[in-house]
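A.B. asks: give me a 3D structure for the following:
(one chain, ligands or ions: 1)
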Amino acid sequence: MDDLVSAFAYTAAERQAVYRVISERRDMRRFVPGSVVADEVLARLLHAAHAAPSVGLMQPWRFIRITDDALRKDIHALVDEERTQTAHALGDRAEEFLALKVEGILECAELLVVALCDNRDVHIFGRRTLPQMDLASVSCAIQNLWLAARSEGLGMGWVSLFDPQRLAALLQMPSDAQPVAVLCLGPVPEFPQRPALELDGWAVARPLPEFVWENRWARA
Ligand SMILES: Cc1cc2nc3c(=O)[nH]c(=O)nc-3n(C[C@H](O)[C@H](O)[C@H](O)COP(=O)(O)O)c2cc1C
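C.D. replies: Here you go, the predicted structure:
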């Protein structure tokens, strides 16, 4: 083994697979209509999500699998309403935004809503000054699911265009729980090599050196 590689490191091929899935994960909005995710694959993905780190080990994530078609349509309607509101808020980029595909709720094989749990105020460890660490923890779980899905050959799209209170009401959540993501999951026709927002000309990702500084905040 290379002297510079830790004795605890995975094999070169395993490490390569980890970096590969990280770089080839994409946010997906186009799915193969009428496709399915096998129960055992979905179970693996949810276990991957549930293996995420969480502040004070609070495990604040809750996953609601949407299997009722009428409910799926209601969620789609909520998202579409917020899409219109977002376009309005964008002013002169409204038309450009409306031309983007920003969700695949009606086509995807599986629809999951991820929520922050109720009664979070009892969790103080790591959250006294930074209560939003619950959301950070849920994000870790979603990223685990996203990466595991890509490794299984499945696409996932994170949709955050919705009014959280209305989605919470639709899913009968307690008043102190909060939905944070609608996840579209399933087989996809292809995985693009670059973010869809880049391919659609909406935004351009900036390179790493612009984000890494030493000893102080460095202005560009
Ligand atoms: C917290 C979060 C919320 C997002 N919400 C949406 C969304 O509502 N609609 C959408 O099309 N993409 C959404 N995305 C996907 C981003 O647009 C996407 O991650 C980004 O453009 C980079 O592309 P990539 O994920 O393919 O690398 C979201 C991503 C994150 C992390």
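
A.B. asks: please identify the helix or strand for His47.
C.D. replies: His47 belongs to helix 39-50 when assigned by DSSP states H and E.

A.B. asks: contacts for that helix, please.
C.D. replies: If you take C-beta atoms under 8 Å, 6 or more residues apart in numbering as the criterion, helix 39-50 is touched by 37, 59, 61, 63, 65, 110, 141-142, 144-145, 147-149, 152, 154, 185. Backbone N, C-alpha and C define where each C-beta goes, glycine included.

A.B. asks: also stretch 69-82?
C.D. replies: 66, 103, 105-106, 111, 113, 159, 161-163, 166-167, 170, 182.

A.B. asks: kindly recompute the last result at 7 Å.
C.D. replies: Contacts with stretch 69-82, where a contact means C-beta atoms under 7 Å, 6 or more residues apart in numbering, come from 66, 103, 105-106, 111, 159, 161-163, 166-167, 170, 182.

A.B. asks: drop anything exposed from the contacts of helix 39-50.
C.D. replies: Neighbour counting with 16 or more other C-beta atoms under 10 Å marks 37, 59, 61, 63, 110, 141-142, 144-145, 147-149, 152, 154, 185 as buried within the contacts of helix 39-50.

A.B. asks: so which of the contacts of helix 39-50 is the closest to the ligand?
C.D. replies: Ile142 (7.9 Å; C-beta to the nearest ligand atom).
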